[in-house]
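Undergrad: sharing a model that was predicted from the sequence below.
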Amino acid sequence: MTDYEIWNEENSTTFMHPQDSAPEAYADLYMAARGAIKGVDPQATVVVGGLALGKPDVTDEVQFIQRMYAHRPDLAGNVDGVGLHPYQQSLADTYMRLAKFRQALDQVAGPSVPIEITEIGWATTSVPESERATDLSLLAEQLPHSDCNVDRLIPYTWLTQESDPSNPESWFGIWNHDGSGKPSGVAYLNAVKLMRGLTSTPPPTSTNVICHASPDARGAGAAGPRLRLRVLAVRPGRWVKVSVRCHPVCLLRVDLFGRSKRGTRRLSSHTSGLRTRHRVVKLRIRKARSLRRRGQVRATAVGTAGGVTRRSRHVRIR
């Protein structure tokens, strides 16, 4: 089966103008393209081109999809997926815009139409590499079992464009031209391996409530949810037990890191869905002999109303 994405950021003046009539023109284009493709390949998946998030030179993504369906009611039942490019400064803001779009798409197309995130990422000029690594791995681990019906996740971009370092696009890369991965690229691949069952740690299966949170789950605020992290017990060489509490609720991730001669590496991790308030987590220590005595537990809490809070504690791991 072949997947086709029709156009790119058609709600932006950069790729389609004039924007005054772009939603209607694109709806006609999509239906014509879908009909032609299905006529040759009935099993093909035809996806609405990735929509950018609304700003002065970009039509709001929700308004764009609403106008498409208003102009062509026959889109109902004839859209295989809708692309989205939810670039935002923080992971929490990304989830907020994703939730807004999912709810609007539910109304015009139905909850069964998947969202395909065909571009997402952060530039190293605006977000520290360590934060990029955490956020990309959280996306890869939390979205597959979320209530957002996200069918595809493609980070932008894979390779750093070293040939033109003055180009702002150069700073989005998560992999180097010499074949080595940046921390963000390695973290993303590790998360993908986890979710595909290719690691010794079983992938999480609980549903992450991101797009349909209840009203009482929306009080985290832009500063992020309140987060407490305590180390309860440590058995060197075996495990670390921690207590994590966030308020009011949050998407939660807890990582255990160790250092060796080869650098810092993640030893184990735990993720929990939005309903999490208090959690006791046991993080296992692997291959302790090659590690230094001191490690670190890091907790990341993502609130639904616009913020990320991080806490860390040093622990003895061998």
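TA: Now that the structure is in, tell me what you want to look at. Numbering: from 1, shown residues only.
Undergrad: pull out the buried positions in stretch 7-21.
TA: W7, N8, E9, E10, N11, S12, M16, Q19 (16 or more other Cβ atoms under 10 Å). From N, CA and C alone the C-beta is placed, and that goes for glycine too.
Undergrad: next one: it to chain centre, how far?
TA: Here stretch 7-21 is found 25 Å from its chain centre; the criterion is Cα atoms, centre = their mean, to the nearest Å.
Undergrad: what mean pLDDT does it have?
TA: Averaged over stretch 7-21, pLDDT sits at 96.
Undergrad: ok, stretch 210-220 next?
TA: Averaged across stretch 210-220, pLDDT comes to 57.
Undergrad: where are the low-confidence patches of the chain?
TA: Where the chain drops to pLDDT under 70, the residues are 161-170, 213-223, 273-276, 304-307.
Undergrad: how about the residue positioned nearest the centre of the chain, nearest residue that isn't a chain neighbour?
TA: Geometric centre of the chain, nearest residue: L139, 2.8 Å, by Cα atoms, centre = their mean. Leaving aside its sequence neighbours, L139 sits nearest to L153 (Cβ to Cβ, 6 or more residues apart in numbering; 6.2 Å).
Undergrad: the one you found: neighbouring residues, count only.
TA: A count of nearby residues for L153, using other Cβ atoms under 10 Å, gives 19.
Undergrad: and what of V242?
TA: Neighbour number of V242 under other Cβ under 10 Å is 22.
Undergrad: for the helix or strand that it is a member of, packing partners?
TA: Taking DSSP states H and E as the criterion, V242 maps to strand 239-260. For strand 239-260, the packing partners by 3 or more Cβ pairs under 8 Å, 6 or more residues apart in numbering; DSSP states H and E come out as helix 129-142, strand 226-235, strand 263-284, strand 294-303, strand 307-316.
Undergrad: give me the beta-bridge partners of R235?
TA: Using DSSP bridges, the bridge partners assigned to R235 are W239.
Undergrad: can you list contacts of stretch 128-136?
TA: Outside stretch 128-136, the residues that touch it by Cβ atoms under 8 Å, 6 or more residues apart in numbering are 90-91, 94, 121-122, 124, 127, 155, 174, 182-184, 186-188, 191, 253, 300.
Undergrad: can you flag which of these belong to helices?
TA: Judged by DSSP state H, the subset of these located in helices is L91, T94, P183, S184, V186, A187, Y188, A191.
Undergrad: what about the fourth one, neighbour count?
TA: By that I understand S184. Around S184 there are 27 residues (other Cβ under 10 Å).
Undergrad: nearest residue to it in space, please, no chain neighbours.
TA: Take S184 and drop its neighbours on the chain: the residue closest to it by Cβ to Cβ, 6+ apart is R132, 4.0 Å away.
Undergrad: okay, the one you found and R292: tell me how far apart.
TA: 25 Å (Cβ to Cβ, to the nearest Å).
Undergrad: so which bits of stretch 239-253 are buried?
TA: For stretch 239-253, burial by neighbour count (16+ other Cβ under 10 Å) applies to W239, V240, V242, V244, R245, C246, P248, V249, C250, L251, L252, R253.
Undergrad: wait, I meant stretch 258-270
TA: G258, R259, R266, L267, S268, S269, H270.
Undergrad: which one of the residues you listed is nearest to I210?
TA: Among these, H270 lies closest to I210 (Cβ to Cβ), at 17.7 Å.
Undergrad: need the contact list for that closest one.
TA: P204, L252, R253, V254, R279, V281, L283.
Undergrad: equivalent analysis for T300, please.
TA: By Cβ under 8 Å, 6+ apart, T300 lies in contact with T134, L138, L252, R253, V254, D255, V308, T309, R310.
Undergrad: check R230 too.
TA: Counting by Cβ under 8 Å, 6+ apart, R230 makes contact with V242, S243, V244, R313.
Undergrad: and it, what are its bridge partners?
TA: R230 has these beta-bridge partners by DSSP bridges: S243.
Undergrad: what separation do you get for it and R310?
TA: In this view, R230 and R310 are 15 Å apart by Cβ to Cβ.
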